[in-house]
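S.K.: give me a 3D structure for the following:
(4 chains)
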Protein chains: 2
Amino acid sequence: MALRNAVMAALLEGEASGYDLAKGFDATVANFWMTTPQQLYRELERMEAEGLVTARVVEQERRPNKRLFSLTEAGREAVRAYTAESPGKPAVIRDELLVKVQCVDVGDTEAVRAAIAERMEWATAKLVRYERLRQRLLDGRSEEAYFAESERIGPYLTLLRGMSFERENLQWGDMALRRLDQRAATLHANG
Amino acid sequence: MALRNAVMAALLEGEASGYDLAKGFDATVANFWMTTPQQLYRELERMEAEGLVTARVVEQERRPNKRLFSLTEAGREAVRAYTAESPGKPAVIRDELLVKVQCVDVGDTEAVRAAIAERMEWATAKLVRYERLRQRLLDGRSEEAYFAESERIGPYLTLLRGMSFERENLQWGDMALRRLDQRAATLHANG
DNA sequence: CTCGTGTACTCAACAAGTTGAATAAGTGTG
DNA sequence: CACACTTATTCAACTTGTTGAGTACACGAG
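M.R.: Next up is the predicted model:
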């Protein structure tokens, strides 16, 4: 029932179709909870059955109709209940790249280097999108002003965490590549 | 087949029982890939059936016997094959805390603050353990010397990523708590 | 001398997440 | 004007991951 909470968090931003959610929706929630369309549609149906969300069919002219979901009052109550739950477990991180890096000395070093480089490119792209979103949220105001004025600060706080995560990816990746280079050079020199 | 790769990465450090792996083993791999004992035992059996690992029963005097697993040559080959695989997907992050923070403006603010604080304590504890492990790996050498001399640098690189992740948790948590405080004060003042 | 804790593992049942495909119409590119 | 891509959803089959309990013995605290 963890995906459910992420869906509710996303729906706090307003109505969304399963498709919207699948695409990453406002890109905020997608940041710390990505999943497949199938799972979302399945979960949304369950949530509808339990009365946490309601669907409203929007007929569209030149494309398929869509069902826009929004939180019901019961859904908002569920959000309150969820946030009040005892913290429990630390973040689940499953990073295939780090598994590869762990194996780099036995495995294919060049491929691992390429994987790190790809991660860095990805991180750069993500940072660009995050920064755009940040500017959109700030809407011309300073961060200081934003925190003082805006109704909701949750999305901004999570956005900042996403940004720092990606910046760390870049910094670490840079360091790791340099060390691997250095090592390749040493091994070459010393046999 | 992703857990499998993490298990192989862990076994690069040497023999281990299912129990060792479940406890976090060398704490390195556990860093970016945690799971339950049940799943590990299940996966180890499969891997044994496929010849990637071999088990050796160690009879113990005052405690249950254990089965120590180690990588076979086929297992090492699988590591090489795995690291050479095309990168693919970015890290899976599923962070319940961030979901709660996203909901903070609607949910139970005090509980969310407590959850952030708990995460920070956890991060602090983890940093302490990481630092101990780091000192053990360095074994008196400087980082520079370590990278130049040591046979394997993978585990050290992943360790550094784990450390930077936890440091970011602390920094972000600190900022988030301050902002939430500030906000609580503002709301109190302005109604 | 019982209770909790640690070692070491196993079984069963279930919930969550992934993969692949299918439908169906519109929009843009070469 | 064929081909790929985007919107929007659904179905089925499968693999992973989680939860809860149970076995068995040893050790130390109260």
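
S.K.: buried sites along the lowest-mean-pLDDT helix or strand in chain A?
M.R.: Across the helices and strands of chain A, the lowest-confidence element by mean pLDDT, DSSP states H and E is helix A:28-32, at a mean of 82. For helix A:28-32, the buried set under the neighbour-count rule, 16 or more other Cβ atoms under 10 Å in any protein chain shown, comprises A:Thr28, A:Val29, A:Ala30, A:Asn31, A:Phe32. Every C-beta, even on glycine, is put in place using the N, C-alpha and C of the backbone.

S.K.: for A:Met47, list the residues it contacts.
M.R.: Going by Cβ atoms under 8 Å, 6 or more residues apart in numbering or on different chains, A:Met47 touches A:Arg4, A:Val7, A:Val53, A:Phe69, A:Gly75.

S.K.: please name the nearest non-neighbouring residue to the residue nearest the centre of chain A.
M.R.: Geometric centre of chain A, nearest residue: A:Asn31, 1.1 Å, by Cα atoms, centre = their mean. In space, and not counting its chain neighbours, A:Asn31 is closest to A:Gly162: 4.2 Å by Cβ to Cβ, 6 or more residues apart in numbering or on different chains.

S.K.: ok, back up a step: how about the buried residues of helix A:28-32 in TSV, adding distance to DNA strand D?
M.R.: TSV is the format used below for the buried residues of helix A:28-32 (distance: Cβ to the nearest atom of the strand, whole Å):
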residue	distance to DNA strand D
A:Thr28	18
A:Val29	16
A:Ala30	14
A:Asn31	19
A:Phe32	15
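
S.K.: that older thread, right, and the helix or strand after the least confident helix or strand of chain A?
M.R.: helix A:37-49 (DSSP states H and E).

S.K.: the residue nearest to A:Arg46 when sequence neighbours are not counted: neighbour count?
M.R.: Using Cβ to Cβ, 6+ apart and skipping residues adjacent in sequence, the residue nearest A:Arg46 is A:Arg4, 7.8 Å away. By other Cβ atoms under 10 Å in any protein chain shown, 19 other residues sit near A:Arg4.

S.K.: ok, A:Ala9 - contacts?
M.R.: By Cβ under 8 Å, 6+ apart, A:Ala9 lies in contact with A:Val29, A:Trp33, A:Val79, B:Val99, B:Gln102, B:Cys103.

S.K.: out of these, show me where the pLDDT dips lowest.
M.R.: Ranked by pLDDT, those bottom out at A:Val29 (82).

S.K.: just the ones in strands from the contacts of A:Met47, please.
M.R.: Using DSSP state E to define strands, the subset of the contacts of A:Met47 located there is A:Val53, A:Phe69.

S.K.: and the contacts of A:Met47, which is closest to A:Ile116?
M.R.: Nearest to A:Ile116, judged by Cβ to Cβ, of the contacts of A:Met47 is A:Val7 at 32.6 Å.

S.K.: wait, that closest one touches A:Gly18, no?
M.R.: No. If you go by Cβ atoms under 8 Å, A:Val7 and A:Gly18 don't touch, sitting 9.6 Å apart.

S.K.: get me the contact residues on chain A for DNA strand D.
M.R.: For chain A, the residues in contact with DNA strand D (Cβ under 7 Å from any atom of the strand) are A:17-20, A:22-23, A:37-38, A:41, A:45, A:60, A:63-67, A:92, A:94.

S.K.: how about 6 Å then?
M.R.: A:Ser17, A:Gly18, A:Tyr19, A:Pro37, A:Gln38, A:Tyr41, A:Gln60, A:Arg63, A:Pro64, A:Lys66, A:Arg67, A:Val92 (Cβ under 6 Å from any atom of the strand).

S.K.: make TSV out of those residues and add neighbour count.
M.R.: Shown next, in TSV, are the residues of chain A next to DNA strand D (neighbours: other Cβ atoms under 10 Å in any protein chain shown):
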residue	neighbour count
A:Ser17	20
A:Gly18	22
A:Tyr19	14
A:Pro37	12
A:Gln38	10
A:Tyr41	16
A:Gln60	9
A:Arg63	6
A:Pro64	7
A:Lys66	17
A:Arg67	17
A:Val92	14
